[in-house]
Structure formats: structure tokens, C-alpha cells
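A.B. asks: Mind folding the following:
(one chain, ligands or ions: 3)
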Amino acid sequence: MMELTDGWSGLLRRSTLSEECGVFGVWGHPDAGLLTHYGLYALQHRGQESAGIAVRVDEQDLRLRSGMGLVSEVFDPEDMKNLGGRAAVGHVRYSTTGEPSMRNAQPLCVRLQSTLWALAHNGNLVNAGSLRSRLEEEGSIFQTTSDTEVIAHLAARVGSGTARHRLETALGQIRGGYALVVLTPDELMCVRDPHGIRPLCLGRLDGGWVAASESCALDTVGAEFVREVEPGEIVHIDDSGMTSSFLGQRPSRRAGLCIFEYIYFARPDSNLAGLNVHQVRKQMGRYLAVDSSVQADVVSGVPDSSLSAASGYAEQAQIPYEMGLVRNRYVGRTFIQPQDSLRQLGVKLKFNPLRKVVQDRSVVLVDDSIVRGTTCRTLIGLLRTAGAGEIHIRISSPPYQYPCYYGIDTSRPGELIAADRSADEVRDLIGADSLSYLSVDRVAQAAGGDVADFCTACFDGEYIVPPQGEHDA
Ligand code: 5GP
Ligand code: SF4
Ligand code: MG
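C.D. replies: Ligands and ions are numbered 1, 2, ... in the order given. Predicted coordinates for the structure are as follows:
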């Protein structure tokens, strides 16, 4: 297994604002290892730093494979076939808390008394810092810097009882946004935080069970979607079937799915809370055209995550939709590079404008979000060099102003271009002729609810789970 630690690869992968992770689990299928391998391919967009799979070998043992890099770099499909196993959990990671190193790759495998556990976790715990200090003061020795190990230590301290009881007791002490799959040789457990900030769904395949961060991964392995794990629910699956329970009291606030899943994170072919992500994005684009119309010759989107919104904008505004930018699909995510100068180069490597499409034309360029502003600013420069006339930027989300504590690591809010600037100031900084955002109410409306149904903290500072200055990134 390849391990990238320091040096160039490590540097380029370091991030201060990063995406999330993807989790996948299988119970009761003879190809569990291989299915998990394919499931992780489908979730690769949720994290490219490391990948790992733990397979149940027999009633005693789990076997772990993990490494730094993409799913295709870490696993050999032939190996996965031979693992057999009947049950497995997998993870793709982009570090949100903890250094991007091999020791933080997941699943995290630990032995709790005599039982092996493999934990795969997406999200951030807001009280991980204080829990970790307390555990360390009381003698716990941590081997990683990830939040997941805090959960394992808390479970280890529950003196006795079933794995489910231990997990429930541990999770009763943590706060934050998470989706978690835990495998032991006896069971698979799938949990969402009490507000359902991070997504997790369940499917069935050939009599077995499959769990995944997004429904696109169920499609990939041919599993039939059953339902989402509910906020605060622990789904417990073993050879006698599936049962469900809830973590303590159910929160008064109904739910708080991360609205950014609809805006950017999730794949367009996934469904979240019953709505297809592409269609939601398209509706965001339509609202953007209604609320911020402008005269233009052509509408383009920034590939790939904005194409749905751009097509909705074009349809609503009745302006031709054109491919104004081509994306080099072999260049990774530019977003994650540490220095602004490197990031700009990354944007140029990634996108090339189509001169024939944009030259002497007034262009509406739709993007899903502006975070630091590097992408937009560089793209505007490229479009101007290619001869574009007016450039009108339309963003299918509100200004990203506040740090996220639930799985997206904005450890330096000073980097957020909209944190202390008006839309006009941002427009001038990125060099656009006009700039409009979509309001948070409209985003929620496109996602089939209102603001109270979602986490929208990075846009309005309304934190469902109070951070209390404990974020330890
Ligand atoms: P900016 O260049 O303004 O910092 O980032 C905005 C661009 O990055 C947008 O094109 C958006 O699609 C993308 N983006 C937004 N959030 C994230 C994220 O968490 N991770 C990655 N890789 N890209 C993001
Ligand atoms: Fe998602 Fe933003 Fe909430 Fe973070 S703060 S969970 S990115 S909506
Ligand atoms: Mg983008």
C-alpha cells in the first residue's frame, strides 16, 4: 500500500477548507469486500486523500486495507475478490480534523476487550477536543488525531454490554454532525447524528444490506434503495435481521441536513431526503434567473458541480446554454491547494475557455459557490483573455461567510472572501461585471423545505449544534 507522508504529495493535499468523507457498509453478501470497493469508487468525490476497507473474515476477525490516495490507487480488485467476507465497511477521506497522514486513514480498527471494531466516520465532533483532553488526562493513549478515535475510546470505557450498548453510550457523549458505520464480526451498525447533518442511506442487495453516504453508491452496486437512516437513529443489522433505535431524546428541531450537500458535495445522481440532487440544483438555477436576471448572449456553468444550476438558469432565462469552459478531468481538485498562487495555476490547468463560444459575447457564468474566490477570479481572467465581453457571475448559493464545524474544515475564516465583504466588493475583487448570489431562503425552497429544515450555518451563522469554541482543527 502506498503511503504519502511529507514532501510534495503531502503538501499539495493539505487543505484548510476541505470536503467531507464518504462511508459505505455491507452486511450479509458474499462479495462484501468487492461491493465496498465499488461503492467507494462511487463516493470518491467525497474524499480523495485516503481510502480503506475493513472486511469481516470470520466470527473473530476483520481484515483492513487502507492507504493514501484514490480508491484506484489503494486497492487491487483481484485482492478484494479474494477477501470474501460477507460483511465490510469502507471509507474515503478528506481530512477535516487531523493531519492528512496514513495513521488517520479509515476505517479505524480497534479491539474493544475481545471484539474487533472497524469504524468509518464522516463528519466532525464539536466537542472532540475536550473529550480527548479528558480521556488523555484519565490515561487513554491516542494513536491518531482523528475524531473517530474519540468515539472508540468512549465505547471502550463502557465497561460491559453489547456493542450496540457501548456505541449508544459513547455517542450519547458526543456532539456534532456525523454519519458513522461500525462493523464488528457480529454486526453492522449505521448511525446519523441527532440532527441528520451528514447523509446516510440504506439499501438491499441479494438479501443482504448496504449502507452508503449517498444513494449513487447503492445504484453503482445494484442495491435497491430502502430508506435513509433517520436523524439520531442507530440501525443495527446482524444475521437475525435489522432493528432500529434512537440516541436519547429526539431533538426538538426536526432535522438539519447540510444544505451544502445539495449545493455542491453530493453527486447529481444521488437523492437526498427524497429529492434528486441534479433537479434541486436545476431549480436553484431557475430561481437565480428569476431573482437576478441579466441581458446576455450565453449561459455557461463551471464544470462539473455547477452544470445543473447553469442549465436551470438558461432554461428559465431563455438564453442559450453553451459549454464555455472545458474541464480537464485528469486534474484533481484545485480547491485543496494551500497557497493562492498554486491554486490559480491549478484552476488554469483544470479549465480552458472555448474562445469560439465566448468571444465578443456577453456571458452569464454560473458557479455553485464562492469560497475563497480563487476559482471565479481566475476563470474571469481566462474568459477575458479568450475575448469574452461582459461577464456576469451568478452563484447558486448565498455568500459563504461562517466556518463549518460539522465536517467541512474552515479553520481560517479569514480566507472566506465573503466573510467581511459586500457582494459589490467581492464583484470588484474578482473582476466581474456583475455578481449575484441566491438567497438562503431560495436555496432551502429549491431543496423542498425552508431554512429551518436544514443546516445553513456557513451562510447565516445559525449553528444547530453550538460550536462553543471547541473546534480543534
Ligand atoms: P473558491 O475558488 O472560491 O475557493 O472555491 C469555489 C469553488 O470550489 C467552486 O467552484 C465550488 O464548486 C468548489 N467548492 C466549494 N466547496 C468546496 C469544497 O469543500 N471542496 C472542494 N474541493 N471544492 C469546493
Ligand atoms: Fe453544511 Fe454549511 Fe452546515 Fe457545514 S455549516 S454542515 S457546510 S450547511
Ligand atoms: Mg466548482
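A.B. asks: Residue of the stretch 151-300 of the chain closest to ligand 2, please.
C.D. replies: residue 258 (3.1 Å; Cβ to the nearest ligand atom). Using the backbone N, CA and C atoms, a C-beta is placed for each residue, glycine as well.
A.B. asks: what bridges to that residue?
C.D. replies: residue 455 (DSSP bridges).
A.B. asks: need the contact list for it.
C.D. replies: 177, 197, 198, 199, 265, 406, 407, 454, 455 (Cβ atoms under 8 Å, 6 or more residues apart in numbering).
A.B. asks: again, only this time at 7 Å
C.D. replies: Each residue near residue 258 by Cβ atoms under 7 Å, 6 or more residues apart in numbering is listed here: 177, 197, 198, 406, 455.
A.B. asks: In ChimeraX, select just the buried ones from those.
C.D. replies: A single ChimeraX command selects the buried members of the contacts of residue 258 (16 or more other Cβ atoms under 10 Å):
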select :177,197,198,406,455
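A.B. asks: Let's see which of the contacts of residue 258 end up in strands.
C.D. replies: 177, 455 (DSSP state E).
A.B. asks: where's the closest residue to residue 430 other than its chain neighbours, which helix or strand?
C.D. replies: Once flanking residues are discounted, residue 430 sits nearest to residue 377: 4.2 Å by Cβ to Cβ, 6 or more residues apart in numbering. Here residue 377 sits within helix 374-385, counting by DSSP states H and E.
A.B. asks: So which bits of the chain are right by ligand 3?
C.D. replies: Selection of the chain residues close to ligand 3 by Cβ under 5 Å from the ion yields 302, 305.
A.B. asks: residues near the residue of the stretch 151-300 of the chain found nearest ligand 1, how many?
C.D. replies: Closest to ligand 1 within the stretch 151-300 of the chain is residue 264: 4.9 Å, counting by Cβ to the nearest ligand atom. By the criterion of other Cβ atoms under 10 Å, residue 264 has 21 neighbours.
A.B. asks: Likewise for residue 59?
C.D. replies: Using other Cβ under 10 Å, residue 59 has 7 neighbouring residues.
A.B. asks: show me the contacts for it.
C.D. replies: residue 185.
A.B. asks: Tell me where the longest strand sits in the protein.
C.D. replies: Criterion DSSP E: the longest strand present in the chain is strand 115-125.
A.B. asks: Please name every helix or strand in contact with it.
C.D. replies: strand 22-27, strand 62-68, strand 87-93, strand 108-112, helix 147-157, strand 176-184 (3 or more Cβ pairs under 7 Å, 6 or more residues apart in numbering; DSSP states H and E).
A.B. asks: Redo these as CSV? Include mean pLDDT and distance to residue 450.
C.D. replies: CSV is the format used below for the helices and strands packed on strand 115-125 (pLDDT from 0 to 100; distance: least, Cβ to Cβ, whole Å):
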stretch, mean pLDDT, distance to residue 450
strand 22-27, 98, 28
strand 62-68, 93, 41
strand 87-93, 96, 32
strand 108-112, 94, 37
helix 147-157, 94, 30
strand 176-184, 96, 20
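A.B. asks: Would you give the sheet partners of the longest strand of the chain, along with the direction of each?
C.D. replies: strand 108-112 (antiparallel), strand 176-184 (antiparallel).
A.B. asks: which one of the ones you listed is the most hemmed in?
C.D. replies: With neighbours taken as mean count of other Cβ atoms under 10 Å, the strands paired with strand 115-125 reach their highest mean count in strand 176-184, at a mean of 27.
A.B. asks: hmm, who's touching that strand?
C.D. replies: Residues contacting strand 176-184 (Cβ under 7 Å, 6+ apart): 23, 25, 54, 56, 62, 87-89, 115-126, 163, 167, 188-193, 195, 197-200, 211, 213, 258, 406-407, 465.
A.B. asks: Are any of those buried, and if so which?
C.D. replies: Buried members of these, scored by 16+ other Cβ under 10 Å, are 23, 25, 54, 56, 62, 87-89, 116-126, 163, 167, 188-193, 195, 197-200, 211, 213, 258, 406-407, 465.
A.B. asks: And the strands in the stretch 251-400 of the chain?
C.D. replies: For the stretch 251-400 of the chain, strands defined by DSSP state E, counting those that start in this stretch occupy the ranges 257-258, 271-272, 275-276, 298-301, 325-327, 351-353, 363-367, 391-395.
A.B. asks: Turn these into JSON lines, including mean pLDDT and distance to ligand 1.
C.D. replies: Shown next, in JSON lines, are the strands of the stretch 251-400 of the chain (pLDDT from 0 to 100; distance: least, Cβ to the nearest ligand atom, whole Å):
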{"stretch": "strand 257-258", "mean pLDDT": "96", "distance to ligand 1": "11"}
{"stretch": "strand 271-272", "mean pLDDT": "98", "distance to ligand 1": "17"}
{"stretch": "strand 275-276", "mean pLDDT": "98", "distance to ligand 1": "19"}
{"stretch": "strand 298-301", "mean pLDDT": "98", "distance to ligand 1": "10"}
{"stretch": "strand 325-327", "mean pLDDT": "95", "distance to ligand 1": "11"}
{"stretch": "strand 351-353", "mean pLDDT": "95", "distance to ligand 1": "10"}
{"stretch": "strand 363-367", "mean pLDDT": "98", "distance to ligand 1": "5"}
{"stretch": "strand 391-395", "mean pLDDT": "98", "distance to ligand 1": "9"}
